[in-house]
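> My questions concern the predicted model and sequence given below.
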Amino acid sequence: MDLEKIFHLKENKTDVKTEVIAGITTFMTMAYILAVNPSVLSACGMDSGAVFTATALAALIATLLMAAFSNYPFVLAPGMGLNAYFSYTVVLQMGYSWQTALAAVFIEGIVFILLSLTNVREAIFNAIPMNLKHAVSVGIGLFIAFIGLQNAHIVVDSATLVGVYSFKSSVANGLFNSEGITVVLALVGILVTGILVVKGVKGNILWGILITWGLGILCQLLGIYQVNPEIGMYSLLPDFSNGISVPSLAPTLMQMDFSGILSLDFFVVMFAFLFVDLFDTLGTLIGVASKADMLDKDGKLPRIRGALLSDAIGTSVGAMLGTSTTTTFVESASGVAEGGRTGLTAVVAAILFGLSLFLSPIFLAIPSFATAPALVVVGFLMLTSITKINFDDFTEAIPAYVAIIAMPFMYSISEGIAMGVISYVVINVVTGKMKEKKISPLMYVLAVLFIGKYIML
């Protein structure tokens, strides 16, 4: 098979080895979803084994579609945030069954497909000004760094909303050998990954994950790290005691319930899924593509329709299998940082999602403190886009700043885009700069819709 012909490697200044390492790296930074998604969705009554299988299959199918439709190194899987909304808000708070929630995700995917085919999503992507696109990249960098710090428990809840982990209290409460040591390992992992990046080691982010995990296993074997399932600290060694088997998909496959789709509440739920998915995906594509220099001189992403379509189809297929919204993962930035530039990166990651079905004990054993350093370092790499923002023009710089700070502080890529768009339009209109800026009419429409969303939802 001629990979050069299929993926145009030379044209994209890459090679097979680079793409394979990028694919493995992206998968490793995303593998946590295979453990996290079943635990989040099982909270609302879904079978965790079936959700694990649905998660892996949805990621496999959607990511292969991304490679086939767009030849981009973006990897998809059921998204974080959207799964929590599905489980804790729609089912546990609003009282819908998970079967009805799956129906909402399925319909949202169908609407998404239609929007992708009719250029609406593409037009939105192209309407966003270049400085705001760079800001989205920076905001995502801070957002995923924050997620990494939280996953590693370096940053924890406190009276000031967030605070730093207290080693003193962990020792006093007898938690140092379970929780405290993992925080130390994550901090060591950030430094190790940083040193590997500085040294220009190929596969530095992947090596950072493996070295951090390896140090954790060593600590467990020496008794420095002690397993404590009660506080979520599990064995770091893969458990093959049940052999190799794929959990059955039967409990969630085609379980969608469409009986309540005509109610206003159902429409609100479906719209909320659609809104967050739309702008999370656009934000991720803008952020990762601008970091990889994939945008053309006008700030447009070539072949974006294929990328959006694969995301939309993945969402509907995921709902049929039994999982919440499938979306383009911001962790794709870790593979891009490794040099991944084509669909070959996506294919490698997709294959690994397929293999993970059979090797679930290995992937479920990779702890969040080992992937956290990768997210923190990728956050730094995405932050470097801040140098491309024009800070001399305050009508560009202030909305960019608003978008950047909104993402980590509001814990949402889509909120960052909403705040950025609203502030961009309002500041330029009030200061009379809208004519010289030639702001797209779609930006005005988006600003009104975003303001409406905050009033209505």
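That came through fine.
> got a list of what Pro73 touches?
19, 22-23, 26, 292, 332, 335-336, 340-346 (CB atoms under 8 Å, 6 or more residues apart in numbering). For glycine as for every other residue, the C-beta is placed from the backbone atoms N, C-alpha and C.
> go with 10 Å
For Pro73, the contacting residues are 7, 12, 14, 19, 22-23, 26, 66-67, 288-289, 292, 294, 332-333, 335-336, 338-349, taking CB atoms under 10 Å, 6 or more residues apart in numbering as the criterion.
> Relative to Ala67, how far out is it?
With distances defined as CB to CB, to the nearest Å, the gap from Pro73 to Ala67 amounts to 9 Å.
> Also Gly180?
Distance from Gly180 to Ala67, counting by CB to CB: 42 Å.
> Likewise for Tyr96?
If you measure Tyr96 against Ala67 using CB to CB, the figure is 34 Å.
> who's more crowded, the two?
Neighbour count, other CB atoms under 10 Å: between Tyr96 and Ala67, Ala67 has more, with 26 against 23.
> Give the intersection of the neighbour lists for Pro73 and Ala67.
Overlap between the contact sets of Pro73 and Ala67, as judged by CB under 10 Å, 6+ apart, is given by 7, 23, 342-349.
> Determine which two of those residues are furthest apart.
Checking those against each other with CB to CB, the farthest-apart pair comes out as Phe7 and Ala349, at 13.7 Å.
> any shared contact partners between those two?
Common neighbours of Phe7 and Ala349 (CB under 10 Å, 6+ apart) are 67, 73.
> Between the shared contacts of Pro73 and Ala67, which sits nearest Gly174?
Distance from Gly174 was checked for each of those by CB to CB. The minimum falls on Ala349, at 39.8 Å.
> Show residues contacting stretch 4-12.
The set of residues that contact stretch 4-12 without belonging to it, under CB under 10 Å, 6+ apart, is 3, 14-16, 18-19, 67-68, 71-73, 292, 294, 339-347.
> and with 6 Å instead?
The set of residues that contact stretch 4-12 without belonging to it, under CB atoms under 6 Å, 6 or more residues apart in numbering, is 15, 341-344.
> Same question for stretch 375-394.
By CB under 6 Å, 6+ apart, the list of residues contacting stretch 375-394 from outside reads 131, 134, 137-138, 140-141, 144-145, 147-148, 190, 193, 291, 333-334, 337, 396-397, 400.
> mind running it again at 8 Å?
The set of residues that contact stretch 375-394 without belonging to it, under CB under 8 Å, 6+ apart, is 29, 131, 134-135, 137-138, 140-149, 151, 190, 193-194, 197, 205, 208, 287, 290-291, 331, 333-334, 337, 396-397, 400, 404.
> Which ones among these lie within helices?
29, 131, 134-135, 137-138, 140-149, 151, 190, 193-194, 197, 205, 208, 287, 290-291, 333-334, 337, 396-397, 400, 404 (DSSP state H).
> just to revisit the earlier point, between Phe7 and Ala349, who's got more neighbours?
Neighbours were tallied for Phe7 and for Ala349 using other CB under 10 Å; the higher tally belongs to Ala349 (36 against 23).
> Can you give me every residue that contacts that one?
Taking CB under 8 Å, 6+ apart as the criterion, Ala349 is in contact with 23-24, 26-27, 30, 63, 75, 335.
> Wasn't Ala77 part of a helix?
No: assessed by DSSP: H, G, I helix; E, B strand; the rest coil, Ala77 does not belong to a helix; its assignment is strand.
> Where does the closest residue to it other than its chain neighbours sit, in terms of helix or strand?
Residue nearest to Ala77 in three dimensions, not counting chain neighbours: Ala59, with 3.8 Å by CB to CB, 6 or more residues apart in numbering. Here Ala59, judged by DSSP states H and E, is contained in helix 48-70.
> quick one: buried residues of that helix?
Along helix 48-70, the positions that meet the burial threshold by neighbour count (16 or more other CB atoms under 10 Å) are 48-67, 69-70.
> Likewise for stretch 196-216?
For stretch 196-216, the buried set under the neighbour-count rule, 16+ other CB under 10 Å, comprises 196-197, 203-209, 211-213, 215-216.
> all strands of the stretch 251-400 of the chain, in order?
According to DSSP state E, counting those that start in this stretch, the stretch 251-400 of the chain carries its strands in the segments 326-328.
> low pLDDT regions in it?
Along the stretch 251-400 of the chain, the parts satisfying pLDDT under 70 run over 363-364.
> and Val162, which of the three is it?
Assigned by three-state DSSP, the conformation of Val162 is strand.
> That one against Pro408, yeah?
No: counting by CB atoms under 8 Å, Val162 does not reach Pro408; the two are 10.1 Å apart.
> more neighbours, these two?
Neighbours of Val162 and Pro408, each counted by other CB under 10 Å, are more numerous for Pro408; the result is 20 against 12.
> Pull the contacting residues for Lys453.
Applying CB under 8 Å, 6+ apart, one finds that Lys453 lies in contact with 275, 418.
> Mind doing that once more with 10 Å?
Applying CB under 10 Å, 6+ apart to Lys453 gives the contacts 271-272, 275, 414-415, 418.
> Report the buried members of these.
The neighbour-count test (16+ other CB under 10 Å) applied to these identifies 271-272, 275, 414-415, 418 as buried.
> what about Ser356, how many neighbours?
Neighbourhood size, Ser356 [other CB under 10 Å]: 22.
> Could you measure from it over to Ala103?
Taking CB to CB as the criterion, Ser356 is separated from Ala103 by 27 Å.
> So which residues of the stretch 201-350 of the chain form helices?
Secondary structure of the stretch 201-350 of the chain, counting by DSSP state H, counting those that start in this stretch: helices at 204-222, 264-291, 304-321, 332-337, 343-356.
> what's the third one packed up against?
With contacts taken as 3 or more CB pairs under 10 Å, 6 or more residues apart in numbering; DSSP states H and E, helix 304-321 sits against helix 48-70, strand 76-78, helix 98-117, helix 120-127, helix 264-291, strand 326-328.
> closest to Tyr444 out of the ones you listed?
Closest to Tyr444 of the helices and strands packed on helix 304-321 is helix 120-127 (CB to CB; 9.5 Å).
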